[in-house]
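Visitor: Predicted model, plus sequence, below.
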Amino acid sequence: MRTLTRTTTEERRRLPLSTADVVIRAIEGDTADERFRGYAAKFNSRTAIGNPLRWGFYEEIAPGAFTKTLQEGDARFLVDHDSYYVVSRVSAGTLSLAEDGAGLPVDSALDSALSYVNDLKANVRNGNITGMSFGFYVLKDQWSTETVETSDGQTVEVEVRRILEVRLIEVSAVTFPAYEDTEAELASVASALVQRGDRTAIEKRARFRPELRDLLQLVGAPSAGDAAEARRDNEASTQELTAVGSEPGESTRETSTPEPAAAPAATEPAETTRSDHEARALRMRGLAARYGLAMPRS
């Protein structure tokens with residue numbers, strides 16, 4: 001089990017409408033004074049990020065993960081993560097965020113002078129807005145492994161990420177509360193792997209999704225212990241592929257032992273005078289664009 005404390009890319013997680021408990025509620029029966037209420041996150045609710053049996057993981061948010069950020073931050077309530085559509089803000093006194101026993105409840109004022117707020121109210125009532133989401137940086141998380149049994153009776157080791165502390169950026173009412181395709185899930189897995197900074201974890205998943213090996217350019221060199229662990233994981237993963245079978249639509253060549261990660265491309269001459277941090281940031285932007293990762297906001 002490893003606990004890491006690093007901040008790299010912004011991540012997003014979503015809840016469907018039925019779990020988020022979203023309502024538009026009038027204050028004391030006055031429809032002119034309505035508020036938006038719902039949950040942006042729920043504690044101890046395990047979610048599959050990608051395919052946990054191969055290239056993804058399970059994730060859950062620990063109680064207290066928002067405690068510090070709510071004391072120090074100034075989160076906004078947006079529509080579909082778009083900063084143009086600001087519904088409310090903590091520092092303006094129009095947005096209330098406070099942890100309870102279930103998760104992170106949202107209580108927002110609704111200013112009808114904003115046309116998109118009226119649209120939001122109508123879309124919630126009509127069922128067009130179908131969930132909630134929140135954007136955050138992971139400050140502290142914990143990874144562990146568990147053994148699960150698949151539907152065909154095989155036993156497979158999966159990883160579980162428990163988020164212990166985050167820096168909250170915003171909460172959003174969203175049109176699409178779940179991942180719509182595999183590429184969106186892959187981007188989310190890539191974001192978490194970059195934050196984790198563990199080469200062994202990247203190599204293990206790259207057996208099933210070779211494109212993830214590009215992320216090795218964003219993490220440090222492996223230690224001798226990491227290299228030995230990677231070799232053990234390579235052998236175990238090969239056996240697992242034989243037992244469980246390939247995922248539909250994925251290449252069968254992934255069952256062989258992968259070649260060592262290619263060295264990062266040569267640095268452009270103009271970059272040779274940049275610091276390591278600046279060069280890494282440039283590579284990260286390129287990979288972020290490829291995977292659709294949300295980069296840190298300045």
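Guide: Good, I have the coordinates.
Visitor: all strands in the stretch 1-150 of the chain, in order from the N-terminus.
Guide: In the stretch 1-150 of the chain, the strands defined using DSSP state E, counting those that start in this stretch lie at 2-4, 11-16, 23-27, 30-42, 47-49, 57-61, 76-79, 82-89, 95-97, 103-109, 131-149.
Visitor: Glu146 contacts Arg161, correct?
Guide: No - assessed by CB atoms under 8 Å, Glu146 is found out of contact with Arg161, at 11.5 Å. (Glycine included, C-beta is placed from N, CA and C.)
Visitor: Which one of these two is surrounded by more residues?
Guide: Applying other CB atoms under 10 Å to Glu146 and Arg161 shows that Arg161 carries more neighbours, namely 21 against 11.
Visitor: Now do the contacts for the residue nearest to that one when sequence neighbours are not counted.
Guide: Spatial nearest neighbour of Arg161, excluding adjacent residues (CB to CB, 6 or more residues apart in numbering): Glu59 at 4.6 Å. By CB atoms under 8 Å, 6 or more residues apart in numbering, the residues touching Glu59 are 13, 46-49, 160-163, 192.
Visitor: Return the most buried member of the strands of the stretch 1-150 of the chain.
Guide: Of all the strands of the stretch 1-150 of the chain, strand 76-79 carries the top mean neighbour count, a mean of 23, counting by mean count of other CB atoms under 10 Å.
Visitor: How about residues contacting that one?
Guide: Residues from elsewhere that reach strand 76-79 (CB under 8 Å, 6+ apart): 36, 83, 85-90, 95, 106, 108, 116, 120, 169-174.
Visitor: Flag the shaky bits of the stretch 101-250 of the chain, pLDDT-wise.
Guide: Low-confidence segments of the stretch 101-250 of the chain (pLDDT under 70): 177-181, 220-250.
Visitor: And the helices in it?
Guide: Using DSSP state H, counting those that start in this stretch, the helices assigned to the stretch 101-250 of the chain run over residues 115-126, 182-196, 199-206, 224-244.
Visitor: Return the set of residues that bridge with the nearest residue to Leu95 once chain neighbours are set aside.
Guide: Distances taken as CB to CB, 6+ apart place Ser88 nearest to Leu95, at 3.9 Å, with adjacent residues excluded. Counting by DSSP bridges, Ser88 forms beta bridges with Phe77.
Visitor: could you measure the closest residue to Asp111 other than its chain neighbours against Ile61, distance?
Guide: Leaving out its chain neighbours, the residue that sits closest to Asp111 by CB to CB, 6+ apart is Val117, at 5.6 Å. Between Val117 and Ile61 the computed distance is 28 Å (CB to CB, to the nearest Å).
Visitor: do Glu159 as well
Guide: Using CB to CB, we find Glu159 at a distance of 16 Å from Ile61.
Visitor: And Glu170, by the same measure?
Guide: Applying CB to CB to Glu170 and Ile61 gives a distance of 16 Å.
Visitor: One more: Asp21?
Guide: 16 Å.
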